[in-house]
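1. 3D model of this:
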Amino acid sequence: RAIYLLVVDLSKDLDEKVKTIRQSRDGPKPDTAAPEKVKDYLDYWLNSIHTHAGKSSPESESLSPPVIIVGTHKDALNVEKLKTDQYINNYFRHIEKNFHGKIYFHHVHKPYIAVDNNSDDDQELNELKETIVQLAEGQGFWGQEVPVKWLLLEKNLRGLKVKSQGG
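-> This is a model prediction of the structure:
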């Protein structure tokens with residue numbers, strides 16, 4: 001009963017080392033057990049989703065739940081439009097090359113989507129919304145009734161969100 005968005009910052013190279021700090025009794029310390037690079041985090045999360053929630057779909061090669069890879073910070077790329085598109089395509093190709101052949105890669109839904117964090121009218125955001133709806137409609141649970149309590153909880157959470165944003 002899920003669709004996952006695996007979000008990656010496009011302004012970070014996939015081979016870039018990630019500095020992860022954990023809190024200990026002695027204060028902040030480097031977390032040596034955490035994944036080392038950006039691509040290692042992607043590997044970690046895809047593997048975790050597959051391990052804890054993965055099941056096969058008899059009608060296709062894809063696995064459930066679906067995972068949409070979303071590249072963020074498209075607006076932070078300091079290159080012209082044409083080069084931005086090339087950069088993004090190469091970035092997503094690099095992801096695919098790294099994870100192709102791994103069983104959990106069958107969770108990944110294509111196309112990958114790159115969004116501009118500073119634009120409310122980014123066309124890619126609309127594509128992301130449409131993709132989520134399309135994937136949800138294809139899930140076995142689509143159309144099942146949900147308890148009214150869940151709907152009330154959702155309504156209350158939305159109200160708290162609006163309230164916390166000062167609206």
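
2. number of nearby residues for residue 21?
-> If you count neighbours by other CB atoms under 10 Å, residue 21 ends up with 11. C-beta here means a position set from N, CA and C on the backbone, and glycine is covered the same way.

3. what residues does it make contact with?
-> Residue 21 makes contacts with 28-31, as judged by CB atoms under 8 Å, 6 or more residues apart in numbering.

4. which one (most neighbours) among those residues?
-> Neighbour counts for those (other CB under 10 Å) peak at residue 31, which has 14 neighbours.

5. check that one and give its pLDDT.
-> Residue 31 carries a pLDDT score of 88 in this model.

6. before we move on, what about the one 3 residues further on?
-> At residue 34 the predicted local confidence, pLDDT, stands at 88.

7. just confirm it contacts residue 19, I think it does.
-> No: the pair residue 34 / residue 19 is not scored as a contact, 9.3 Å apart, by CB atoms under 8 Å.

8. of the two, who's got more company?
-> The residue with more neighbours, out of residue 34 and residue 19, is residue 34; 14 against 8, by other CB under 10 Å.

9. does the more buried one fall in a helix, a strand, or a coil region?
-> Secondary structure state of residue 34, per DSSP: H, G, I helix; E, B strand; the rest coil, is coil.

10. what sits against it?
-> Neighbour list for residue 34: 18, 20, 22 [criterion: CB under 8 Å, 6+ apart].

11. can you redo these as JSON lines with pLDDT, distance to residue 112 and neighbour count?
-> Shown next, in JSON lines, are these (pLDDT from 0 to 100; distance: CB to CB, whole Å; neighbours: other CB atoms under 10 Å):
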{"residue": "18", "pLDDT": "90", "distance to residue 112": "20", "neighbour count": "14"}
{"residue": "20", "pLDDT": "88", "distance to residue 112": "24", "neighbour count": "13"}
{"residue": "22", "pLDDT": "88", "distance to residue 112": "30", "neighbour count": "11"}
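
12. still on that earlier bit, could you list which of the contacts of residue 21 belong to strands?
-> The strands, defined by DSSP state E, take in 28-30 from the contacts of residue 21.

13. now stretch 26-39 - C-alpha only, PDB.
-> Taking Å, rounded to 0.1, in the frame of the first residue of the first chain, the C-alpha atoms of stretch 26-39 are listed here in PDB:
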ATOM      1  CA  ASP A  26      30.100  12.300  23.900                       C
ATOM      2  CA  GLY A  27      28.600  14.600  21.400                       C
ATOM      3  CA  PRO A  28      28.400  14.500  17.600                       C
ATOM      4  CA  LYS A  29      30.700  11.800  15.900                       C
ATOM      5  CA  PRO A  30      31.100  10.700  12.300                       C
ATOM      6  CA  ASP A  31      28.800   7.700  11.600                       C
ATOM      7  CA  THR A  32      31.200   5.100  10.200                       C
ATOM      8  CA  ALA A  33      28.300   2.600   9.700                       C
ATOM      9  CA  ALA A  34      26.400   4.900   7.300                       C
ATOM     10  CA  PRO A  35      26.700   4.600   3.500                       C
ATOM     11  CA  GLU A  36      29.800   6.400   2.200                       C
ATOM     12  CA  LYS A  37      28.600   8.000  -1.100                       C
ATOM     13  CA  VAL A  38      25.400   9.400  -2.600                       C
ATOM     14  CA  LYS A  39      25.000   6.300  -4.800                       C
END
